[in-house]
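Student: sequence plus the predicted model coming up.
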Amino acid sequence: MPRSREVFLTPQYPPGACPVAKQVRSTLLSASLQGVRSMGWEERYFAALAPELHDEMRMLPAGLWVPIALALAHYAACDAMDLSSDEMAEMGRSVSVRTQGTFVGTLGSVAAGAGATPWHIFQNGHRIWARIFDGGDHVAYKVGPKDIDIVCMGCPLLSIRYFRTAMGAYYAALAGVVAKSVHWHELHEYGPADLKLGLRISWV
């Protein structure tokens, strides 16, 4: 664990009491599928997705809670496309842009109008998370004036390489609403990748 850090966003649950995410907003999956289509990867995606799920994904309405099992199948299919890290990150960024109006609302524009920084975005992290996932949790640490460590936990999707990369790009895109330049990378000192996701987000 990093030694020099300050808790910025406390977890919602005590250690060992975090509920495992059981549902995810269909809006997230719809935005992800739109990204797949915009990149011209739809045929590759459906070739990797179980045939019995094709109709469900194609007709997925926005704004509903869907079982985590469907999200697991979706992101496993995305992972099976064997995209490069840059391609996965671009997908995560595009999903963030597509869903900011739904999951973040006017938070970004209000913060930008007030001359705020990404800290104002991330202090609402629990609110954003709860609009996407039913269960799971995260904690954030301030490790520098413009550096934050975000640790996500309790979400089965964290076991998928594609999802971890896309989430890093998602958070970076949120910071980018009010920052000129944002960089991120995955951290491994916070725990096994299949149980937690540690991210360092830095900006200027």
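Tutor: Received, thanks. Numbering: from 1, shown residues only.

Student: for the protein, name the helix or strand with the lowest mean pLDDT.
Tutor: helix 107-113 (a mean of 56; mean pLDDT, DSSP states H and E).

Student: can you classify residue 18 by secondary structure?
Tutor: Following DSSP: H, G, I helix; E, B strand; the rest coil, we place residue 18 in the coil state.

Student: so who does it touch?
Tutor: The contact partners of residue 18, by C-beta atoms under 8 Å, 6 or more residues apart in numbering, come to 11, 12, 135, 136, 137, 153, 154. Every residue, glycine included, has its C-beta placed from N, CA and C.

Student: can you list those in TSV and add distance to residue 40?
Tutor: Formatted as TSV, those follow (distance: C-beta to C-beta, whole Å):
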residue	distance to residue 40
11	40
12	39
135	34
136	32
137	36
153	34
154	34
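
Student: most neighbours among those, which one?
Tutor: The residue in these with the most neighbours, by other C-beta atoms under 10 Å, is residue 136 (24 neighbours).

Student: go ahead and confirm that residue touches residue 152.
Tutor: Yes. Here residue 136 reaches residue 152: they are 6.9 Å apart, a contact under C-beta atoms under 8 Å.

Student: buried ones in the helix or strand hosting residue 202?
Tutor: Take DSSP states H and E as the rule and residue 202 turns out to sit in strand 196-203. Neighbour-count burial for strand 196-203 flags 196, 197, 198, 199, 200, 201, 202, 203 (criterion: 16 or more other C-beta atoms under 10 Å).

Student: many thanks, we can stop here.
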